[in-house]
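Novice: requesting a structural model of the entry that follows:
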Amino acid sequence: MTPARRWLALGGLCLGFFMLLLDSTIVSVALPDLGRDLGADASTSVWVNSAYLFAFAVPLLVAGRLGDRFGHRRVYLVGLAVFTIASVGCAAAPGIGALVAWRAVQGLGAALLTPQCLTVIRSLFEPPRLAVALAVWSAGGGAATVAGPIVGGLLVEAWGWPSVFLVNVPVGIVTAIAVLRFVPVSRRIAVPLPLFAVVGVTVGVLGVVVGVQGTDTGLLADPAARGGAVLLGAAVVAAVLVRQRRAGDRALVPLALFRDRGFVTGSWGATAASFCVGSAPIPLMLDLQQTRGLSAGSAALVLVPMGVACLASAPFVGRMTNTAGPRATATVGAVLLVVSVALTAVLVGAAAPLWTIAAAFTGFGIANAFVWSPFSLAAVLGAGPATVGAASSVFNTVKQLGAVLGSTATAVLLATAGDAVALGALALVACGAVVAARALSGRPGAPVVLTGVIVHGAGVGHDLGFPTANLRPEDESATPVPVDGVYVGWLAAPVGAPPRQALVSIGSNSTFPDRPRTVEIHVLDFDGDLYGLVVDLTVGRRIRRQRTFRGPDALVTAMRSDERRARAVLSRS
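Specialist: Okay, the predicted model is just below:
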């Protein structure tokens, strides 16, 4: 696949993702108008957003595995078709009930589409281009989030609330053409989808989302009932994960993901950022329209500098990630997010001039360009081909749960404390993204030293003429194991002996199904017994990613090529 085609494929994926995130924020601006036209009160109109959030968040954990099973491009296109058709249904809805139902269908389409983006991008790009690709994808999503109130205000004022749904139709058609033309058909993985796991995870996530969101009336208006729903839902999901623990990488949600420090930190940071980003424009738009009396279009113009800043910052994100590292990039984005939203809260509370609010919220746009890419990179970089779909699903699920929590907290604070307090609380939660950013890995490309004991492997390498040994790291949390791939390295054992050159394979080799993720060492020019020795393994430059071979003969050919390349690299070291 040519580089140009890869970037065109990325453009098609980004366009669909932009449409989804634009829709999730654009509708908030149209709620007053559609409620008035359809004769719905405020408590009923809010279900236009709630139904979408429910249907979006609940299937996400399963959607990534559906992509593994049936092909990520195919599931992406199905989700896109469902979302686009539902958009027409929303625009033509004769009443509030029909609109809520079509919004739920939209959410289902979005859930099918979203996890496939990250998985396909991971398969198309390798570092350092992966950081640039994720920066482009994240900037598109960030631009959609910040542009939603702007575009929504202008559309509602010019053509009425149905236009916020109809705008999805041409975008959806263009996206489908681009994806069919440029995105390759992905390799399908025979991942089992046991009914008990699918139903259990779906019901469990539904319980968590419904409990978090709650209702204005009925049983789920009681905080105790809502808390019970959250706890019960979390317990059901946990029970499914425990029951599937022996399935390894073939589980619906592999437990190995939660032993990957990068995945956990990236997911945690994205959840905290999503809590803030998904809701921060709402109190600001309410202040501009209800407190200051601006029209939807005029209020949207106050946010134009923010959208411009987001787009202008995007080209710098990938470059900074590759040079300064994910930690520095995420820290810039997270700190700007906290500062801009906190400063906006102060200015809103002080009824400051509009130009000062526009200037303060410009930092929110820059933060959106910087914060998403490094967290996404950390979450999927360590996943192998068999688990990247699950990693994308879990990452997007917890990120979406962060948005649901933020929406719920914002609604409560708006009803009880006002716009400025709601913005201040969102800024406080975003501090969690700063903590996560500081926990990410630092400058990329630096050698990693792993200390551990040499243990027996499966013996496959020795039978193929490449004797290998497995390293059992002493403490993976202190020095995280690098992402999957084949590396050059140096092995120091025992103490005082000169380092030996080595070829290091990290990950789950899918040529041999059901193999666990390992650190496998082939010591060049040495075929001896290393078992039981404590060694220091320096993992240097990665020379290729892990991939599947047709059989042992193809694997041997690749390993001979790897050895020649490793010797060439090491001779220059």
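
Novice: for residue 372, give me its contacts.
Specialist: 134, 138, 139, 141, 142, 270, 273, 333 (Cβ atoms under 8 Å, 6 or more residues apart in numbering). (Glycine included, C-beta is placed from N, CA and C.)

Novice: show the buried residues in the residues you listed.
Specialist: Neighbour-count burial (16 or more other Cβ atoms under 10 Å) applied to those gives 134, 138, 139, 141, 142, 270, 273, 333.

Novice: quick one: least confident of the residues you listed?
Specialist: On pLDDT alone, residue 142 ranks lowest of those, at 65.

Novice: longest helix of this protein?
Specialist: helix 3-37 (DSSP state H).

Novice: looking at the buried ones among the contacts of residue 372, spot the one nearest residue 503.
Specialist: residue 134 (28.4 Å; Cβ to Cβ).

Novice: can you give me the helices for the stretch 201-350 of the chain?
Specialist: 223-243, 261-277, 281-286, 296-302, 304-323, 326-349 (DSSP state H, counting those that start in this stretch).

Novice: so where's the stretch 151-300 of the chain shaky on pLDDT?
Specialist: For the stretch 151-300 of the chain, residues meeting the criterion pLDDT under 70 lie at 189-193, 213-221, 247-251, 296.

Novice: list the buried residues for the longest strand seen in the chain?
Specialist: What stands out as the longest strand in the chain, according to DSSP state E, is strand 534-544. Of all the residues in strand 534-544, those buried under the rule 16+ other Cβ under 10 Å are 535, 537, 538, 539, 540, 542, 543.

Novice: quick one: strands adjacent to it?
Specialist: strand 448-455 (antiparallel), strand 485-492 (antiparallel) (DSSP bridges).

Novice: what packs against the next helix or strand along the chain from that strand?
Specialist: Under the assignment DSSP states H and E, the closest C-terminal helix or strand after strand 534-544 is helix 552-571. Packed against helix 552-571 by the contact rule (3 or more Cβ pairs under 8 Å, 6 or more residues apart in numbering; DSSP states H and E) you find strand 485-492, strand 500-507, strand 534-544.

Novice: quick one: residues in contact with the longest one.
Specialist: The list of residues contacting strand 534-544 from outside it, by Cβ under 8 Å, 6+ apart, reads 127, 445, 447-454, 471, 482-483, 485-493, 499, 502, 504, 506, 519, 521, 562, 565-566, 569, 573.

Novice: ok, the buried residues of strand 534-544 vs residue 319, which is closest?
Specialist: Using Cβ to Cβ, these come closest to residue 319 at residue 542, 19.9 Å.

Novice: following the helix or strand hosting residue 103, which helix or strand comes up?
Specialist: Assigned by DSSP H and E, residue 103 belongs to helix 96-124. Next along the chain after helix 96-124, taking DSSP H and E as the criterion, comes helix 129-159.

Novice: report the buried residues of that next one.
Specialist: 129-157.

Novice: before we move on, what about stretch 278-290?
Specialist: Quick answer for stretch 278-290 (16+ other Cβ under 10 Å): 278, 279, 280, 281, 282, 283, 284, 285, 286, 287, 288, 289.

Novice: just put those in a markdown table and tack on distance to residue 304.
Specialist: Formatted as a markdown table, those follow (distance: Cβ to Cβ, whole Å):
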| residue | distance to residue 304 |
| --- | --- |
| 278 | 20 |
| 279 | 20 |
| 280 | 16 |
| 281 | 13 |
| 282 | 18 |
| 283 | 18 |
| 284 | 13 |
| 285 | 13 |
| 286 | 18 |
| 287 | 17 |
| 288 | 13 |
| 289 | 16 |
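
Novice: coming back round to it: what would the buried ones among the contacts of residue 372 look like in a markdown table with distance to residue 25?
Specialist: Output for the buried ones among the contacts of residue 372, formatted as a markdown table (distance: Cβ to Cβ, whole Å):
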| residue | distance to residue 25 |
| --- | --- |
| 134 | 21 |
| 138 | 16 |
| 139 | 16 |
| 141 | 11 |
| 142 | 11 |
| 270 | 17 |
| 273 | 15 |
| 333 | 18 |
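
Novice: and which of those is nearest to residue 196?
Specialist: residue 270 (29.0 Å).

Novice: for that closest one, give me its contacts.
Specialist: 372, 375, 376, 379, 395, 398, 399, 402, 433.

Novice: what mean pLDDT does the helix or strand where the second one lies get?
Specialist: Applying DSSP H and E as the criterion places residue 375 in helix 354-381. Taken as a whole, helix 354-381 has a mean pLDDT of 86.

Novice: check which residues of it are buried.
Specialist: So, applying 16+ other Cβ under 10 Å, buried residues of helix 354-381: 357-381.

Novice: with stretch 549-563 instead?
Specialist: 549, 555, 559, 562.

Novice: got the confidence number for residue 89?
Specialist: 92.

Novice: spatially nearest residue to it (excluding sequence neighbours)?
Specialist: Computed as Cβ to Cβ, 6 or more residues apart in numbering, the closest residue to residue 89 that is not its neighbour in sequence is residue 102, at 3.8 Å.

Novice: from what I see, that neighbour and residue 90 are in contact.
Specialist: Yes - counting by Cβ atoms under 8 Å, residue 102 does reach residue 90; the two are 4.4 Å apart.

Novice: can you list the weak-confidence ranges in the stretch 451-573 of the chain?
Specialist: Looking at the stretch 451-573 of the chain by pLDDT under 70, you get 457-467, 475-480, 493-498, 508-517, 524-529, 570-573.

Novice: 80 instead?
Specialist: 455-469, 473-484, 491-500, 507-533, 540-556, 566-573 (pLDDT under 80).

Novice: residue contacts, residue 424?
Specialist: So residue 424 contacts 342, 345, 346 (Cβ under 8 Å, 6+ apart).

Novice: okay, it and residue 125: tell me how far apart.
Specialist: 39 Å (Cβ to Cβ, to the nearest Å).

Novice: got it, and residue 93?
Specialist: Taken as Cβ to Cβ, the span from residue 93 to residue 125 is 40 Å.

Novice: what's the closest non-adjacent residue to residue 395?
Specialist: Closest to residue 395 by Cβ to Cβ, 6+ apart is residue 379, at 4.4 Å.

Novice: quick check, residue 280 in contact with residue 426.
Specialist: Yes - assessed by Cβ under 8 Å, residue 280 is found in contact with residue 426 at 5.3 Å.

Novice: touching both of these two, which residues are there?
Specialist: residue 341.

Novice: can you count the residues close to residue 255?
Specialist: Using other Cβ atoms under 10 Å, residue 255 is surrounded by 15 other residues.
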